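Asker: Got a sequence here, can you model it:
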Amino acid sequence: MFKTEVYKVNIENFKFKKSTGDFPEQDATSEISNEKDQEGIKKAVEYLKQGEAIGIPTETVYGLAANALDSIAVQKIFKAKNRPSDNPLIVHVSSMNMLKKLLPDGTVPPIYLEVIRQYWPGPLTIILPASELIPSLVTCGHPTVAVRFPSHPVARSLIEACGFPLAAPSANSSGKPSPTLASHVYHDLQGRIPFILDGGSCGVGVESTVLDGLRQPPAILRPGGLTYELLRQVKGMQDLQVYRKDFVDSELEQAPTTPGMKYRHYSPEARVILIDRSDDKKEDNLFNDKFERVLRDQVEIFQNTGAVVSKVGILRTRKDGEKEVWETNSTLSNNHIECVSLQMGRSGHPEEVARGIFKGLRHLDQCDVDLIFVEGISEDREGMAVMNRLRKAASITIEV
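Answerer: Numbering: from 1, shown residues only. Now for the predicted structure:
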């Protein structure tokens, strides 16, 4: 057992100086202007060089990071999370030079070059051939490895200071909602890890998009923070497909090359009921009426099974122009059931919903609700990633 330390850093004090080479942004070097923040990075590096796993901020969600080239350190990730051993890890780099060292011949497949120029650093993971430097525990025995270049200033600076890549899945107990605050990491992993770098809230709020450009045509294996619409505009990505939407692969399902494909994920303690729109264009008033009806029907169904339902949680969007209120408490009429309602963002703004969904699921768990009812959203842009996470978290999905 560890006494877990949480160390707060200010991302405003982390800057980057572009290089003069072929990849000026990707090969930029970090500059930290504050001594306290420098000390935070130094402490984190010391833990990582000692072979420990620690919590770190990224722009997507918080990661549980360890030296990706050290199999003993990587084992500590699996142990701390209670993660299945056949669920691969994403390797995080801080420069093109670090990336090339992970590849068998040091050459990046041409299909990825334009994608890297446009969207690295950022919420994008790519599938690449793996060199023998990478432990099989990271890749789960596959000849490929999933690699990402995070844009979060603290993560970039930390990886650069380490001088080695970091394997880092989400820093939560396996299967639970991903952490978007350092307090979420502490809640799940206190005592299991020695150190958490607190870089504030995550700007994206859902995990990275995983792109397999080694397939023909290229495919998104897991939707995430970089949208299908943007990726499809990149040279060589015109025929981009999305797994489960455009194709399925039973072998890939059983032996995934990337996390987020095989196991149930993102689930809070309370049972999640997803109420989805059968028609994205359905009028709000009509959908609201049906949402309320389904909520009451499901509460009654659960009560009829003998289950105790004394408090429910609701995650909804709000209209543009509607007052922003994070939490509203009320009582369901006729049955005196407490109701905690949270706003996860504005309707038609999936990037806001992405930032609010995991935070909302975790908050409702802390409220000790028995059931959570979540509004489905359109799969446009970040909505594809949001709905992917909600479908995995939900035990029941009802279209209205």
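Asker: Who are the packing partners of the longest strand anywhere in the chain?
Answerer: Longest strand of the chain, by residue count under DSSP state E: strand 337-346. Packing contacts for strand 337-346, counted by 3 or more CB pairs under 8 Å, 6 or more residues apart in numbering; DSSP states H and E, involve strand 311-318, strand 327-332, helix 350-366. Where you see a C-beta, it was placed from the backbone N, CA and C, and this is true even at glycine.
Asker: Strands of the stretch 51-200 of the chain, start to end?
Answerer: Counting by DSSP state E, counting those that start in this stretch, one finds strands in the stretch 51-200 of the chain at the ranges 54-56, 63-67, 90-92, 124-129, 144-148, 166-167, 195-198.
Asker: I would like the residues contacting stretch 385-400, please.
Answerer: For stretch 385-400, contacts defined as CB atoms under 8 Å, 6 or more residues apart in numbering pick out 177, 206-207, 209, 222-225, 227, 260, 264-268, 271-278, 287, 290-291, 294, 298, 350, 353-354, 357-358, 361, 374, 376-377, 379.
Asker: One more: stretch 190-201?
Answerer: 1-9, 11, 40-41, 43-44, 47, 52-57, 62, 64, 79-80, 152-155, 158, 171, 180-182, 185-186, 189, 355, 359.
Asker: Filter the residues you listed down to the buried ones.
Answerer: In the contacts of stretch 190-201, burial by neighbour count holds for 4, 7, 9, 40-41, 43-44, 47, 52-57, 62, 64, 80, 152-155, 158, 171, 180-182, 185-186, 189, 355, 359, counting by 16 or more other CB atoms under 10 Å.
Asker: just to revisit the earlier point, and the strands of the stretch 51-200 of the chain as JSON lines, adding distance to S333 and mean pLDDT?
Answerer: Compiled in JSON lines, those are given as follows (distance: least, CB to CB, whole Å; pLDDT from 0 to 100):
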{"stretch": "strand 54-56", "distance to S333": "43", "mean pLDDT": "98"}
{"stretch": "strand 63-67", "distance to S333": "44", "mean pLDDT": "98"}
{"stretch": "strand 90-92", "distance to S333": "47", "mean pLDDT": "98"}
{"stretch": "strand 124-129", "distance to S333": "47", "mean pLDDT": "98"}
{"stretch": "strand 144-148", "distance to S333": "48", "mean pLDDT": "97"}
{"stretch": "strand 166-167", "distance to S333": "51", "mean pLDDT": "98"}
{"stretch": "strand 195-198", "distance to S333": "42", "mean pLDDT": "98"}
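Asker: Any idea which of the ones you listed gets closest to E25?
Answerer: Closest approach to E25 among the strands of the stretch 51-200 of the chain is made by strand 124-129 (13.6 Å; CB to CB).
Asker: Pull out the buried residues from that closest one.
Answerer: Buried, per 16+ other CB under 10 Å, within strand 124-129: 124-128.
Asker: for the stretch 201-350 of the chain, which spans come out with low pLDDT?
Answerer: 260-265, 280-284, 334 (pLDDT under 70).
Asker: Identify whichever of the helices and strands packed on strand 337-346 lies nearest to Y112.
Answerer: Going by CB to CB, the one of the helices and strands packed on strand 337-346 nearest Y112 is helix 350-366, 24.2 Å.
Asker: Contacts only, for the residue nearest to E269 when sequence neighbours are not counted.
Answerer: Nearest residue to E269 in three dimensions, chain neighbours excluded: D365, at 5.1 Å (CB to CB, 6 or more residues apart in numbering). By CB under 8 Å, 6+ apart, the contact set of D365 is 177, 268-270.
Asker: From the structure, what's the count of residues near the closest residue to D320 other than its chain neighbours?
Answerer: Spatial nearest neighbour of D320, excluding adjacent residues (CB to CB, 6+ apart): R346 at 5.6 Å. Using other CB atoms under 10 Å, R346 is surrounded by 18 other residues.
Asker: re the thing from before, run the angle between the longest strand of the chain and helix 350-366 for me.
Answerer: 160 degrees (axes from the mean of the first three to the mean of the last three CA atoms, to 10 degrees).
Asker: How far does strand 337-346 sit from its chain's centre?
Answerer: Per CA atoms, centre = their mean, to the nearest Å, the displacement of strand 337-346 from the mean C-alpha position of its chain is 22 Å.
Asker: and what of stretch 35-46?
Answerer: Using CA atoms, centre = their mean, the offset of stretch 35-46 from its chain centre is 25 Å.
Asker: Need the CA coordinates for it. CSV is fine.
Answerer: Extracted in CSV, the C-alpha atoms of stretch 35-46 (Å, rounded to 0.1, in the frame of the first residue of the first chain):
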residue,chain,number,x,y,z
GLU,A,35,10.0,26.1,-10.0
LYS,A,36,7.2,24.3,-8.2
ASP,A,37,6.0,22.8,-11.5
GLN,A,38,9.5,21.9,-12.4
GLU,A,39,9.7,20.0,-9.1
GLY,A,40,6.5,18.2,-9.8
ILE,A,41,7.8,16.9,-13.1
LYS,A,42,11.1,15.9,-11.4
LYS,A,43,9.2,13.9,-8.8
ALA,A,44,7.1,12.2,-11.4
VAL,A,45,10.2,11.3,-13.5
GLU,A,46,11.9,9.8,-10.4
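Asker: Can you give the contact residues for it?
Answerer: Residues contacting stretch 35-46 (CB under 8 Å, 6+ apart): 7-10, 13-14, 32, 54, 56, 154, 157-158, 161-162, 195, 197.
Asker: What subset of the contacts of stretch 385-400 is buried?
Answerer: 177, 206-207, 209, 222-225, 227, 260, 265-268, 271-277, 287, 290-291, 294, 298, 350, 353-354, 357-358, 361, 374, 376-377, 379.
Asker: Show me which positions of the helix or strand encompassing D297 end up buried.
Answerer: Assigned by DSSP states H and E, D297 belongs to helix 284-304. Neighbour-count burial for helix 284-304, counted by 16+ other CB under 10 Å, picks out 287, 290-291, 294-295, 298-299, 302.
Asker: Spit out the contact partners of the residue positioned nearest the centre of the chain.
Answerer: The centroid of the chain falls nearest to E207 when counting by CA atoms, centre = their mean (2.3 Å). Counting by CB under 8 Å, 6+ apart, E207 makes contact with 60-61, 123, 170, 178, 222, 224-225, 259-260, 385.
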